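Visitor: heads up, no residue letters with this:
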């Protein structure tokens, strides 16, 4: 009885050891295979591309720059008047902020949406974005109605380029 | 929102484990019944780290709907060539799924792109590979 049990136990241990060895070998073979033949990728990206782009966000911010610049130019100067100083500061701050938003939105379109094949369709793509983003800076530095209009024209051009790449006819419009 | 089931996020033990493949899984993969995929990105951490591989059953949802807490692979609704791996949070009665990354703060999922129809789900994640 005791001998029978011991034999059974020994066989069980032997089978278990072989099973572990077989598993270990299988893992090694699979790991080598994985190294040689990478599996297709599945994305768990923290900021995976949502693919949602629209130049309208740049347009809305650019319109705010136009509006704030116009308000600044129309504002009657009353040096020393706290109400005037406050209004002036607010207009400048909003113009600054919205020009930066315009710039950020344009840079996202430029670097994330547009691809090399779009450059074939629009050879002046880089120049257009470079000038548009420079205009955003100019609108921050200055109080220039001319530059705000040039910025709007640049955003309109980018709007047309963007929707052309999607073969969609989206009419340009402004909120104001 | 009418949902047939809802995953309770505090069942942490369920979230923190995914079994390793068995001989049977490997056999089914060799028979092309299962597929293997390699993880990129951090939205399923701490459970799944890049470049771990997983095995999926592409036909798991042919007869039944996904269940809350299952991990699935789906086509991104805006980038058809992009496959994403997420956890099912809940399933609507019409079969659309709300997917969420385990690392929710750093995940692009249904909170951005909404509910995903079952046709977008490519399979159920079964285990780590190997």
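Guide: Good, I have the coordinates. Nothing here was measured: the structure is a model prediction, and the numbers come from that model.
Visitor: Could you pull out the helices in chain B for me?
Guide: For chain B, applying DSSP state H gives helices covering B:12-15, B:23-30, B:110-113.
Visitor: can you list contacts of stretch A:72-82?
Guide: Stretch A:72-82 is contacted by residues A:84, A:87-88, A:91-92, A:95, A:143, A:145 when judged by C-beta atoms under 8 Å, 6 or more residues apart in numbering or on different chains. (Each C-beta comes from the backbone N, C-alpha and C, glycine too.)
Visitor: what comes up buried for that stretch?
Guide: Neighbour-count burial for stretch A:72-82, counted by 16 or more other C-beta atoms under 10 Å in any protein chain shown, picks out residue A:72.
Visitor: related to what we said a few turns ago, please identify the most buried of the helices of chain B.
Guide: Across the helices of chain B, the average number of neighbours (mean count of other C-beta atoms under 10 Å in any protein chain shown) peaks for helix B:110-113, which reaches a mean of 16.
Visitor: In three-state terms, label residue A:175 for me.
Guide: Assigned by DSSP: H, G, I helix; E, B strand; the rest coil, the conformation of residue A:175 is coil.
Visitor: what comes up buried for whichever strand or helix holds residue A:85?
Guide: Here residue A:85, judged by DSSP states H and E, is contained in helix A:82-108. Counting neighbours by 16+ other C-beta under 10 Å, one finds that the buried residues in helix A:82-108 are A:88, A:91, A:94-95, A:98-103, A:105-106.
Visitor: circling back to that earlier point, closest to chain B out of the contacts of stretch A:72-82?
Guide: Comparing the contacts of stretch A:72-82 against chain B with C-beta to the nearest C-beta places residue A:95 closest, at 30.6 Å.
Visitor: Kindly confirm whether my reading is correct that the closest one touches residue A:139.
Guide: Yes. With contact defined as C-beta atoms under 8 Å, residue A:95 reaches residue A:139; the gap is 7.0 Å.
Visitor: tell me, what's touching these two both at once?
Guide: Common contacts of residue A:95 and residue A:139, defined by C-beta under 8 Å, 6+ apart, comprise A:65, A:69.
Visitor: quick revisit: relative to residue B:39, which of the buried residues of helix A:82-108 is nearest.
Guide: In terms of C-beta to C-beta, no member of these lies closer to residue B:39 than residue A:105, at 31.6 Å.
Visitor: What segments of chain A are helices?
Guide: A:2-36, A:56-74, A:82-108, A:116-121, A:125-141, A:145-165.
Visitor: Residues contacting the last one, please?
Guide: Just to be clear, that refers to helix A:145-165. Contacts to helix A:145-165, defined as C-beta under 8 Å, 6+ apart, come from residues A:53-56, A:58-59, A:62-63, A:65-66, A:69-70, A:73, A:102, A:106, A:109, A:113-114, A:118, A:121-122, A:125, A:128-129, A:131-132, A:135-136, A:138-139, A:169-170, A:172, A:174.
Visitor: For that helix, list every residue counted as buried.
Guide: A:147-148, A:150-152, A:154-163, A:165.
Visitor: Off-centre distance for that helix?
Guide: In terms of C-alpha atoms, centre = their mean, to the nearest Å, the gap separating the centre of helix A:145-165 from the centre of its chain is 19 Å.
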